[in-house]
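>>> what would the 3D arrangement of this be:
(one chain, ligands or ions: 2)
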Amino acid sequence: MPTGRRRCSAQVVNVNGFKLLLDCAEGTQDRIRQHHLKLQSLGTVLISHLHGDHFFGLAPLLSTMHLCGRTEPMTIVAPKGAKEVIETTFALTGNHVGYELNFIEMDFSEGLHRVFEGKRCTVDAFPILHSVPTYGFRITEVPRSSNSSPVLGEVPAGRRGSSPRVYTYCCDTAYSEDLVPFMRDSSLLCLECTFADDLADLARERQHLTAGQAARLATLAEPKQLMLTHISARYK
Ligand SMILES: [Zn+2]
Ligand SMILES: [Zn+2]
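Ligands and ions are numbered 1, 2, ... in the order given. Okay, the predicted model is just below:
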């Protein structure tokens, strides 16, 4: 839950100018303004699961975009049920949006699935372990050089000498080393660490990670960088 010092889950991922919103807790639109990001510049929303601390900010955000005159369609990738929640919320409260909402609902329990393909990036989703259907995301940069025609000796996709950057987001989940293959080759891996290790029993019960478990997954997945998030309000 939010504290005086921290907010719930929401991240803006900027892939060479194309901006994705990754989860949308309450207060997300305020934070977007505080960071001087343009609300209308968001092209796609990815929702990991429908718990309030990841989803309750979406209806107000979409509503504000309408009030600010948005005409561009918006793609929302979310677990099954999100479309019904948003459409019901707007219908029962007499609100509407004047632009197109394209829902891509995820309803699978294994494997890696391509859920978004854009000019700047692709997004693949994989199921993770939580009390409701929850998905992790791999956002892979489409290298700028892939537009140019390949010449002899050049690797067609990817910059010469380097592979595309991959950002993997995995929040909220219980511990499982089966998730490691989905996290491999990440430039940046974002894992949750709700609890400290002394609360491992509570972490198991609530289907979250401890900081030590997150570190263990990271040592197996070997990302270039690890970012930890989703820290319980009990910690300062
Ligand atoms: Zn959750
Ligand atoms: Zn959460």
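>>> mind checking the SS state of F108?
The three-state label given to F108 by DSSP: H, G, I helix; E, B strand; the rest coil is coil.
>>> quick one, what contacts it?
Neighbouring residues of F108 by Cβ atoms under 8 Å, 6 or more residues apart in numbering: P127. For the C-beta atoms, the positions are set from N, CA and C on the backbone; glycine is no exception.
>>> ligand 1 contacts on this protein?
Proximity of the chain to ligand 1 (Cβ under 5 Å from the ion) is limited to residues 51, 172.
>>> contact residues of the chain facing ligand 2?
53, 172.
>>> and the strands in the chain, which stretches?
For the chain, the strands defined by DSSP state E occupy 11-15, 18-22, 42-46, 74-79, 101-106, 113-117, 121-128, 134-141, 166-170, 188-192, 225-229.
>>> okay, those strands in TSV with mean pLDDT next?
Shown next, in TSV, are these (pLDDT from 0 to 100):
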stretch	mean pLDDT
strand 11-15	96
strand 18-22	97
strand 42-46	96
strand 74-79	98
strand 101-106	98
strand 113-117	98
strand 121-128	98
strand 134-141	98
strand 166-170	98
strand 188-192	98
strand 225-229	96
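>>> so for H208, which of those sits nearest?
H208 lies closest, by Cβ to Cβ, to one member of those: strand 188-192, at 6.3 Å.
>>> ok, residues contacting that closest one?
Contacts for strand 188-192 (Cβ under 8 Å, 6+ apart): 11, 165-173, 183, 208-209, 214, 217-218, 221, 223-230.
>>> relative to F137, how far out is E72?
22 Å (Cβ to Cβ, to the nearest Å).
>>> returning to that earlier point: which one of the strands of the chain lies nearest to H35?
Nearest to H35, of the strands of the chain and by Cβ to Cβ, is strand 11-15 at 7.5 Å.
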